[in-house]
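**Student:** this one's sequence-less:
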């Protein structure tokens, strides 16, 4: 798998795979603790190690453990890697329709269960999931195989994850019913409309909850208040625009919905530890970014 990954991800940063929804990642050096924003995804590390911190809890994912995120979450990560042993991995974007289809099939066979929803978890890799990952890397090395076999192997990987140690929690997380499902839909709205005027009352109505109940359930899922989460998403998106599109801080602030450039700069520095211009220069010095940014939208491998 390492040999395949070195060919599939020849440069540092993110490389788009031949199949939509799969992104390769590579880092030839250790990277310090950095705020990032993760999409719902399955992250499989082939070589190296990553540590993530969310809500005071540490998650380790490496060649023996994969990471699953069921909703978009702000996250702080650091990477263990070197020139001799670069970090190599791939991220599969979670397709809710595929998960729902497989979950329904499992319920028909196993019966409905009520496990506790989980927003993210690190789970030991087993031999069947490792075998499916190897076959996916082989298929993605060939345009024909990627087109004809890629989707079926990805389906198998999602199935293996749902059958894994904490798959029941993931199935419950992505279900459309209950409080968790309603909060998940609100998170999707925030990520698609972060540049628009959104307030807690509007978001609570979208979740069909009272404002007090919405606050409680939102924090249970994200470990953040609704407005703090929205602010974090806007700041991450602004940082991404400055890196990828070369926007100035004031232009990026306006694009993501800030009316006050000075407020944007203050909150940006509070989150990332650097002023916008310094942060952009820092990230450009850390990584030579590939054109595509995958599951870790915060630009931190």
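**Tutor:** Arrived safely, thanks for sending. Since the structure is predicted, the reported quantities are computational estimates derived from the model, not experimental observations. Numbering: from 1, shown residues only.
**Student:** mind listing the residues bridging to the closest residue to residue 164 other than its chain neighbours?
**Tutor:** Excluding its sequence neighbours, the residue lying closest to residue 164 (CB to CB, 6 or more residues apart in numbering) is residue 123, at 5.4 Å. (Glycine included, C-beta is placed from N, CA and C.) Beta-bridge partners of residue 123, counted by DSSP bridges, are residue 66.
**Student:** quick one: buried residues of the helix or strand harbouring residue 6?
**Tutor:** Per DSSP states H and E: residue 6 is located in helix 2-8. Judged by neighbour count using 16 or more other CB atoms under 10 Å, the buried positions of helix 2-8 are 4, 5, 8.
**Student:** which elements pack onto it?
**Tutor:** Helices and strands touching helix 2-8, by 3 or more CB pairs under 8 Å, 6 or more residues apart in numbering; DSSP states H and E, are strand 22-27, strand 41-47, strand 87-93, helix 127-139.
**Student:** who does the next helix or strand after that helix pair up with?
**Tutor:** Sequence-wise, the next helix or strand downstream of helix 2-8 (DSSP H and E) is strand 13-16. Next to strand 13-16 in the sheet, as set by DSSP bridges, lie strand 22-27 (antiparallel).
**Student:** quick check: mean pLDDT across the strand it pairs with?
**Tutor:** The average pLDDT for strand 22-27 rounds to 94.
**Student:** and the angle for that strand with strand 87-93?
**Tutor:** For strand 22-27 against strand 87-93, the angle by axes from the mean of the first three to the mean of the last three CA atoms, to 10 degrees is 150 degrees.
**Student:** sorry, back to before: the residue nearest to residue 164 against residue 65, yeah?
**Tutor:** Yes. When contacts are counted by CB atoms under 8 Å, residue 123 is listed as touching residue 65 (6.4 Å).
**Student:** not counting sequence-adjacent ones, nearest residue to residue 65?
**Tutor:** In space, residue 65 is closest to residue 122, 4.8 Å off (CB to CB, 6+ apart).
**Student:** if we can go back for a sec, chain center to the helix holding residue 6, what's the gap?
**Tutor:** Averaging C-alpha coordinates over helix 2-8 and over its chain gives two centres that are 22 Å apart (CA atoms, centre = their mean, to the nearest Å).
**Student:** residues touching it, excluding its own?
**Tutor:** Residues outside helix 2-8 that contact it (CB atoms under 8 Å, 6 or more residues apart in numbering) are 15, 17, 24, 26, 46-47, 86, 88-90, 134, 137-138, 140-141.
**Student:** so what's the residue count around the residue nearest to residue 164?
**Tutor:** The tally of other residues near residue 123 (other CB atoms under 10 Å) stands at 20.
**Student:** which residues touch it?
**Tutor:** Residue 123 sits next to 65, 66, 68, 161, 164, 165, 166 when contact means CB under 8 Å, 6+ apart.
**Student:** so how many other residues sit close to the second one?
**Tutor:** By that I understand residue 66. 26.
**Student:** I'd guessed it sits against residue 121; true?
**Tutor:** No. Look at residue 66 against residue 121 with CB under 8 Å: they stay out of range, at 9.5 Å.
**Student:** circling back to that earlier point, and the pLDDT at the residue nearest to residue 164?
**Tutor:** Predicted confidence (pLDDT) for residue 123: 89.
**Student:** sec struct for the nearest residue to residue 184 once chain neighbours are set aside, please.
**Tutor:** When the adjacent residues along the chain are set aside, residue 184 lies closest to residue 71, with 5.4 Å between them (CB to CB, 6+ apart). The three-state label given to residue 71 by DSSP: H, G, I helix; E, B strand; the rest coil is coil.
**Student:** how close does residue 71 get to residue 208?
**Tutor:** According to CB to CB, to the nearest Å, residue 71 and residue 208 sit 18 Å apart.
**Student:** which one of these two is surrounded by more residues?
**Tutor:** Neighbours of residue 71 and residue 208, each counted by other CB under 10 Å, are more numerous for residue 71; the result is 23 against 11.
**Student:** before we move on, the earlier item: for the residue nearest to residue 65, the count of nearby residues, please.
**Tutor:** By other CB under 10 Å, 21 other residues sit near residue 122.
**Student:** residue 133 versus that one, what's the distance?
**Tutor:** Look at residue 122 and residue 133: by CB to CB, they are 16 Å apart.
**Student:** residue 72 versus the residue nearest to residue 210 when sequence neighbours are not counted, what's the distance?
**Tutor:** Leaving aside its sequence neighbours, residue 210 sits nearest to residue 204 (CB to CB, 6+ apart; 6.6 Å). Relative to residue 72, residue 204 is positioned 19 Å away (CB to CB).
**Student:** repeat that for residue 91.
**Tutor:** Taken as CB to CB, the span from residue 91 to residue 72 is 13 Å.
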